[in-house]
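1. Dropping a prediction and its sequence here:
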Amino acid sequence: MYVSMKEMLQHASEHNYAVMAINCVDFEQARAIVSAAAEEGSPVIVDISPRQMKAHATPEYMAPLVRAIAEDVDVPVALNLDHGDTYENACRAIRAGFSSVMIDASSYDFEENVRRTRMVAAMAHAHGASVEAELGHVGQAAAGDGRTADMYTNVDLAKEFVERTGCDALAVAIGTAHGAYPDDFVPTLDFDRLAELKEALQMPLVLHGGSGAGEENIRHVVSLGINKINVCTDLFRLQRKAMHDKLNENPGIDYMDLMMWGEQAAKQYIKDYMKMIGSCGRYGFEFEGAALD
Ligand code: 13P
């Protein structure tokens, strides 16, 4: 079932679990994500970023593909623009058929973030799409950004931000960062801040930089109200390694078999992650009018 993120994440927020949002650049990844969700009875979100759109995953090709795979299963599947950085790429994603967009204006000052988010929210909502925004800033693991507490989300500003923008879900900065952390480094997260944010906002909250965040941290943030967890780096690395090892083991392997090997590895990883964040067996919830025409 092809849906927007709105009802999906509201349900997760009300029932205290999180949905995986996984970056995807091709058919094998799209099918791995959706079939993992179908087998686990779990909602799921497919994420594509502007960089990925530009380099490989053309939105006009990917949206019909993801939608067709989603419509073949009963579980709710959303397709979301990840870190949309302009009004134009949000429009392009929605025109291509994305069911959801993120507008990430978190590098701008508060007023400019509000202005940009409001504009995208008005446009997206008029087209039945849901909107994720970001306040505070989730930076890059390689730059050590997760440790910079002045980038973290301010609770009072978050309340004002949500009221003024009308966003449906909010990405918060509490200590994670995008990409790979140094070996053996596990980030320290600001759980108190997360609890305050949930208490003040009572809405779906999003954690970016799910890779390398540590199982204990992930379980804890879900218990405190994170409802969407973005994962890219760990899955791409795992899939690449599975294919690399297979090719070493059998250099003459058929191309199609190699691709399917990678797909199976991705699927297993996603299924395990879904179990960790409590989204399995949730698809039977009421989805009034949520399926998109
Ligand atoms: P990671 O690559 O660190 O998993 O982050 C993914 C992400 O947050 C995409 O928005």
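-> Cool, the structure landed.

2. Spell out which residues of the stretch 1-150 of the chain are next to the ligand.
-> 23, 82, 83 (Cβ under 6 Å from any ligand atom). All C-beta atoms are positioned from the backbone trio N, CA, C, and that covers glycine.

3. If we use 5 Å, what do you get?
-> By Cβ under 5 Å from any ligand atom, the part of the stretch 1-150 of the chain that sits against the ligand consists of residue 82.

4. Return the nearest residue of the stretch 1-150 of the chain with respect to the ligand.
-> residue 82 (4.7 Å; Cβ to the nearest ligand atom).

5. Could you verify that that residue is part of a helix?
-> No - under the criterion used here (DSSP: H, G, I helix; E, B strand; the rest coil), residue 82 is strand, not part of a helix.

6. all numbers from here: first residue = 567
-> In the new numbering, first residue 567, that becomes residue 648.

7. which SS state does the closest residue to it other than its chain neighbours fall under?
-> For residue 648, ignoring the flanking residues on the chain, the nearest one in space by Cβ to Cβ, 6 or more residues apart in numbering is residue 613 at 3.8 Å. At residue 613 the chain is in strand, as set by three-state DSSP.

8. and residue 613, how many neighbours does it have?
-> Using other Cβ atoms under 10 Å, residue 613 is surrounded by 24 other residues.

9. Next: residue 820.
-> 9.

10. I'd like the distance between it and residue 827.
-> 10 Å (Cβ to Cβ, to the nearest Å).

11. With residue 585 instead?
-> 27 Å.

12. what about these two, which has more around it?
-> Neighbours per residue, other Cβ under 10 Å: of residue 585 and residue 827, the larger number sits with residue 585, 27 against 20.

13. Thought residue 794 was touching that one, still the case?
-> Yes - counting by Cβ atoms under 8 Å, residue 585 touches residue 794, with 5.4 Å between them.

14. Now do the shared contacts for the two.
-> 575, 578, 611 (Cβ atoms under 8 Å, 6 or more residues apart in numbering).

15. Show the pLDDT at the first one.
-> Looking at residue 575, its pLDDT reads 97.

16. any idea which element it lies in?
-> helix 571-581 (DSSP states H and E).

17. Burial check on the nearest residue to residue 599 once chain neighbours are set aside, number of neighbours?
-> Setting aside the residues directly before and after it, residue 599 is nearest to residue 588 in space (Cβ to Cβ, 6+ apart), at 5.2 Å. Neighbour count of residue 588, defined by other Cβ under 10 Å: 26.

18. Residue 588 falls within a helix, correct?
-> No - assignment of residue 588 by three-state DSSP gives strand, placing it outside any helix.

19. Can you pull out the low-pLDDT segments for the stretch 717-859 of the chain?
-> Where the stretch 717-859 of the chain drops to pLDDT under 70, the residues are 850-859.

20. Any residues of it in contact with the ligand? List them.
-> Residues of the stretch 717-859 of the chain lying near the ligand (Cβ under 5 Å from any ligand atom): 744, 774, 775, 776, 777, 796, 797, 798, 799.

21. Identify, from these, the entry nearest to residue 843.
-> residue 776 (9.1 Å; Cβ to Cβ).

22. I figured the closest one was touching residue 745, is that so?
-> No - using Cβ under 8 Å, residue 776 makes no contact with residue 745, being 11.2 Å away.

23. Tell me the bridge partners for the residue nearest to residue 648.
-> residue 589, residue 646 (DSSP bridges).
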